[in-house]
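[1] got a sequence here, can you model it:
(one chain, ligands or ions: 1)
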Amino acid sequence: MSTAHFTGPAAPYTGGDPYADYRAPSPDEVPFTALADLADRRIGGTVLAASDEFFAERDHLLAPAPAHFDPAAFGTRGKIMDGWESRRRRAVAADDHDWALIRLGAPGVVHGLLVDTAHFRGNHPQSVSVEATEAEGHPDAAALLGPATRWTELVPRTGTGGHAANVFEVPAAARRRFTHLRLRQYPDGGIARLRAYGEVRPDPAWLRALGTFDVAALEYGGFAEDASDRFYSSPLNTITPGRPRTMGEGWETRRRRDDGNDWVRYRLAGRCVVRAVEIDTGCYKGNAPGHAAVSVRDGEAGRWRVLLPRTALLPDTVHRFVVPEAPPATHARLDIFPDGGIGRLRLYGSLS
Ligand SMILES: NC(=O)NC(NC(N)=O)C(=O)[O-]
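    Residues are numbered from 1 along each chain as shown. Predicted coordinates:
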């Protein structure tokens, strides 16, 4: 069964902060939003095709930042909207709709979806549905829309609110590995963002062929399970691809005023042996941690064993450490002393 939070139509924008009357459930009501967004552009998600994008391009759907609204921005086609927006259909039949095809950045099991209609007030869809498929290789839009593709329903056609976070839990029967999504909006309208929260399931043959890879990386099935502090940014940022370009693209904690230290606990791609550790304090110049340590654990109940003892860090630096002899591990823990920012943590190793 799908859990829908229908918030109804939205009121017109009357000035001031456009998010002041945005409707969203609290994070406690939708725990799946703490999982990784498998459609995220930063790990390779893309919108392959859409039936119509007259008012606003489909690519906005997967932008990582919340949708922006400038009341004064008009272009030659109408109001400039930060989302995917189709034209108004005329002579609408019951099943008429617009659609978009999304390739997930990382294949995986989707636990819940967010169809965000931020700033679409009089022009949000009346209802939406989402399906998913698991495809081999790199099918294009024509192949995905062909008769050979088997689609599984994640969200049945459900009423959507305007200027709201429309969240849907995926039923247990549909919690399988998928590579692509089809988002439909009935009969037409605008959607600011689509997020597909879940667990990454990489291709095991690819990991076997790689041999040694970053076993903490989100794209290979790593995850930041817990952290001492999420004040400025998410610890998930530390395991995303590439180097951080700004402080906002890493994990930064608030200034501690006690004797403790900040930390992140990671679940690794599987049971692995780590051979090399990379700690990147990229972009953290006045707020890099003084020191860091890395420990690993084998299984949920395993004992933490030190992989990299407490070591001094420099600001804005990629630090590389070869690990002499590491035990097999399923989890890792990064401790920073006392607080500060970490751009990336890379744990190079192989599945054991
Ligand atoms: N004010 C609007 O946004 N109107 C139209 N949309 C855009 N983007 O201009 C529409 O008809 O939905």
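
[2] verify the stated contact: Ile342 with Trp251.
    Yes. Between Ile342 and Trp251 there is a contact at 5.2 Å, judged by Cβ atoms under 8 Å. Every C-beta, even on glycine, is put in place using the N, C-alpha and C of the backbone.

[3] who touches both of these two?
    Shared contacts of Ile342 and Trp251 (Cβ atoms under 8 Å, 6 or more residues apart in numbering): 238, 264.

[4] who has more neighbours, those two?
    For Ile342 versus Trp251, neighbours defined as other Cβ atoms under 10 Å are more numerous around Trp251 (30 against 26).

[5] domains for this protein, by residue range?
    Residue ranges for the domains of the chain, per automatic domain parsing: 27-200, 204-351.

[6] go through these and name the closest to the ligand.
    domain 27-200 (2.5 Å; Cβ to the nearest ligand atom).

[7] is the closest one up against the ligand anywhere?
    Yes. Domain 27-200 lies within reach of the ligand by Cβ under 6 Å from any ligand atom, at 55, 78-79, 81, 85, 88, 123.

[8] hmm, back to that, distance to Ala10 for the domains of the chain - can I get that in JSON lines?
    Shown next, in JSON lines, are the domains of the chain (distance: least, Cβ to Cβ, whole Å):
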{"stretch": "domain 27-200", "distance to Ala10": "3"}
{"stretch": "domain 204-351", "distance to Ala10": "28"}
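
[9] would JSON lines of those with mean pLDDT be doable?
    Converted to JSON lines, the domains of the chain look like this (pLDDT from 0 to 100):
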{"stretch": "domain 27-200", "mean pLDDT": "97"}
{"stretch": "domain 204-351", "mean pLDDT": "97"}
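
[10] helices along the stretch 1-150 of the chain, start to end?
    141-145 (DSSP state H, counting those that start in this stretch).

[11] what is the burial count for Glu153?
    16.

[12] going forward can the numbers begin at 54, since that is how I track them
    New numbering, starting at 54: the last item is Glu206.

[13] mind listing what it touches?
    182-184, 227.

[14] tell me how far it lies from Ala226.
    Per Cβ to Cβ, to the nearest Å, Glu206 is found 9 Å from Ala226.

[15] same thing with Arg254?
    Counting by Cβ to Cβ - Arg254 and Ala226 are separated by 17 Å.

[16] more neighbours, these two?
    Arg254 (17 against 9).

[17] pLDDT wise, what is that one at?
    Per-residue pLDDT puts Arg254 at 97.

[18] how about the strand or helix carrying Arg386 as PDB, C-alpha atoms only?
    Per DSSP states H and E: Arg386 is located in strand 382-390. Extracted C-alpha coordinates of strand 382-390, given in PDB (Å, rounded to 0.1, in the frame of the first residue of the first chain):
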ATOM      1  CA  ALA A 382      35.100  -5.400   7.800                       C
ATOM      2  CA  THR A 383      31.500  -4.500   7.000                       C
ATOM      3  CA  HIS A 384      31.500  -1.000   8.700                       C
ATOM      4  CA  ALA A 385      33.900   1.900   9.100                       C
ATOM      5  CA  ARG A 386      34.000   4.800  11.500                       C
ATOM      6  CA  LEU A 387      35.700   8.200  10.900                       C
ATOM      7  CA  ASP A 388      36.400  10.200  14.000                       C
ATOM      8  CA  ILE A 389      37.400  13.800  13.700                       C
ATOM      9  CA  PHE A 390      38.900  15.800  16.500                       C
END
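
[19] who are the packing partners of the helix or strand just after it?
    Toward the C-terminus, strand 382-390 is succeeded by strand 394-395 as the next helix or strand (DSSP H and E). Judged by 3 or more Cβ pairs under 8 Å, 6 or more residues apart in numbering; DSSP states H and E, strand 394-395 is in contact with strand 304-305, strand 315-333.
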